[in-house]
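Enquirer: got a sequence here, can you build the structure:
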Amino acid sequence: MQSGQLPLSELASPFDLQSTLESGQSYLWWRADGNDYEGGLYGGNNWYRTTTEVDDEHAVIAVCQTDECLKWRSHIDAEPILRDRLRLDDDLTAIRQGAPDDRIVEAAFEAYQGMRLVQEPPFQTLVSFICSAQMRVARIHGMQQALREAFGTPVEFDGETFFSYPTPGQLAEATEQELRDLSLGYRAPYVKRTAEMVRDGTDPADARERPYEQAREHLTQFVGVGQKVADCILLFSLGYTEAVPLDTWIRKIIDRYFPDCERGNYEETSRALRARLGGEYAGYTQTYLFHYLRHAEDPPE
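Expert: Next up, the predicted model:
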């Protein structure tokens with residue numbers, strides 16, 4: 001077992017683990033106390049766990065935040081993985097300076113100082129966002145845990161047995177009925193067929209080689225992936241920080257705060273909102289707005 005600490009003072013800007021992992025960006029981490037998404041949306045000191053695979057070996061990573069550092073434990077050296085998946089080297093000060101000068105944007109950045117975008121593994125992100133359609137955040141999270149426990153590889157950690165996220169091959173071998181039994185519903189055949197595609201060589205990470213809108217179109221070849229889900233994969237896994245997934249909450253934000261961005265179709269509305277929210281880092285601004293307005297009791301007009 002290995003352990004370590006990442007001093008927060010060495011980062012380019014503030015960091016908040018809890019808001020990063022409980023803002024609906026990722027369903028691949030879980031809290032050790034089991035109280036994911038049950039309040040305390042900022043600044044907590046909870047332990048979070050996830051699984052990863054390095055050189056064909058499965059490992060668990062556990063991380064928590066104190067006032068001074070990020071503490072971690074794992075089978076492996078987790079620091080480079082945490083830096084990558086939690087985007088610890090992003091300069092939030094510069095990103096915030098590039099955001100529009102709107103009261104609602106300022107309020108969102110102020111409320112969740114230190115929240116980062118995540119950069120999660122592509123296949124796991126692909127499956128989890130296929131499962132996200134018309135589902136509450138906590139329910140999506142529960143589905144991913146169920147998939148782990150049903151089809152993942154057992155991993156011993158801290159005296160407990162955990163399960164890795166299923167590989168494409170493991171999920172492809174699942175029957176549609178087995179997936180339905182995990183409450184995936186109509187998403188079950190989408191997950192199975194997409195897993196088969198990835199197992200057989202169609203890699204979602206190949207989108208990285210393309211310009212943004214072509215990358216989004218490339219991802220829609222996977223079963224169950226429309227433009228919104230494709231944008232989520234681009235933003236939360238593949239590093240396209242300009243992506244702005246137009247889900248129900250973001251469309252409410254457009255209606256209330258940016259009605260001039262509504263253009264009647266996904267592509268044109270997305271382009272207009274990206275420009276309005278700062279271009280290159282529009283996805284950062286969108287994520288702050290999404291998280292803030294889902295929980296704000298009295299947001300500014």
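Enquirer: next, find the distance separating the residue nearest to Ala174 when sequence neighbours are not counted from Gln25.
Expert: Nearest residue to Ala174, sequence neighbours excluded (C-beta to C-beta, 6 or more residues apart in numbering): Phe151, at 5.7 Å. Using the backbone N, CA and C atoms, a C-beta is placed for each residue, glycine as well. Here the distance between Phe151 and Gln25 works out to 23 Å (C-beta to C-beta, to the nearest Å).
Enquirer: who touches the residue nearest to Ala174 in this structure?
Expert: By C-beta atoms under 8 Å, 6 or more residues apart in numbering, the contact list for Phe151 reads 166, 170-171, 173-174.
Enquirer: where's Trp72, which helix or strand?
Expert: Under the assignment given by DSSP states H and E, the secondary-structure element containing Trp72 is strand 69-74.
Enquirer: list the helices and strands the helix or strand just after that strand packs on?
Expert: Along the chain past strand 69-74, the next helix or strand (assigned with DSSP H and E) turns out to be helix 79-85. Judged by 3 or more C-beta pairs under 8 Å, 6 or more residues apart in numbering; DSSP states H and E, the packing partners of helix 79-85 are strand 2-7, strand 57-65, strand 69-74.
Enquirer: average pLDDT across the strand holding Trp72?
Expert: Taken as a whole, strand 69-74 has a mean pLDDT of 97.
Enquirer: okay, buried residues for that strand please.
Expert: 70-74 (16 or more other C-beta atoms under 10 Å).
Enquirer: would you turn the residues you listed into TSV with distance to Thr241?
Expert: Supplementary listing: those in TSV, determined by distance: C-beta to C-beta, whole Å:
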residue	distance to Thr241
Leu70	22
Lys71	28
Trp72	25
Arg73	30
Ser74	27
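Enquirer: let me see the ranges of the helices in the protein.
Expert: Using DSSP state H, the helices assigned to the chain run over residues 17-21, 79-85, 92-97, 103-111, 122-130, 137-151, 168-173, 176-180, 188-199, 212-219, 227-236, 248-257, 266-276, 282-295.
Enquirer: how about those helices in a markdown table, adding mean pLDDT and distance to Thr50?
Expert: Putting the helices of the chain into a markdown table (pLDDT from 0 to 100; distance: least, C-beta to C-beta, whole Å) gives the following:
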| stretch | mean pLDDT | distance to Thr50 |
| --- | --- | --- |
| helix 17-21 | 95 | 9 |
| helix 79-85 | 96 | 8 |
| helix 92-97 | 94 | 22 |
| helix 103-111 | 95 | 25 |
| helix 122-130 | 97 | 9 |
| helix 137-151 | 92 | 10 |
| helix 168-173 | 97 | 17 |
| helix 176-180 | 97 | 22 |
| helix 188-199 | 98 | 19 |
| helix 212-219 | 97 | 23 |
| helix 227-236 | 98 | 14 |
| helix 248-257 | 93 | 25 |
| helix 266-276 | 96 | 29 |
| helix 282-295 | 94 | 19 |
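Enquirer: returning to that earlier point: quick check: angle from the strand holding Trp72 to strand 2-7?
Expert: For strand 69-74 against strand 2-7, the angle by axes from the mean of the first three to the mean of the last three C-alpha atoms, to 10 degrees is 160 degrees.
Enquirer: now the angle between strand 57-65 and strand 69-74, please.
Expert: Regarding strand 69-74 and strand 57-65, their directions subtend 160 degrees when assessed with the same axes, to 10 degrees.
Enquirer: just checking: what are the partner strands of strand 69-74?
Expert: Each strand pairing with strand 69-74, determined using DSSP bridges, is listed with its direction: strand 2-7 (antiparallel), strand 57-65 (antiparallel).
Enquirer: mind checking which of the helices of the chain is nearest Leu6?
Expert: Among the helices of the chain, helix 79-85 comes nearest to Leu6, with 6.3 Å by C-beta to C-beta.
Enquirer: buried residues in the closest one?
Expert: Judged by neighbour count (16+ other C-beta under 10 Å), helix 79-85 contains these buried residues: 79, 81-82, 85.
Enquirer: let me have those residues in CSV, adding distance to Thr20 as columns.
Expert: What follows is the buried residues of helix 79-85, written out as CSV (distance: C-beta to C-beta, whole Å):
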residue, distance to Thr20
Glu79, 16
Ile81, 15
Leu82, 11
Arg85, 10
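Enquirer: which one of those residues is nearest Gln2?
Expert: Looking across those and measuring by C-beta to C-beta, the closest to Gln2 is Glu79, at 9.5 Å.
Enquirer: so who does Ser19 touch?
Expert: For Ser19, counting by C-beta under 8 Å, 6+ apart, the contacting residues are 41-43, 112, 114-115, 291.
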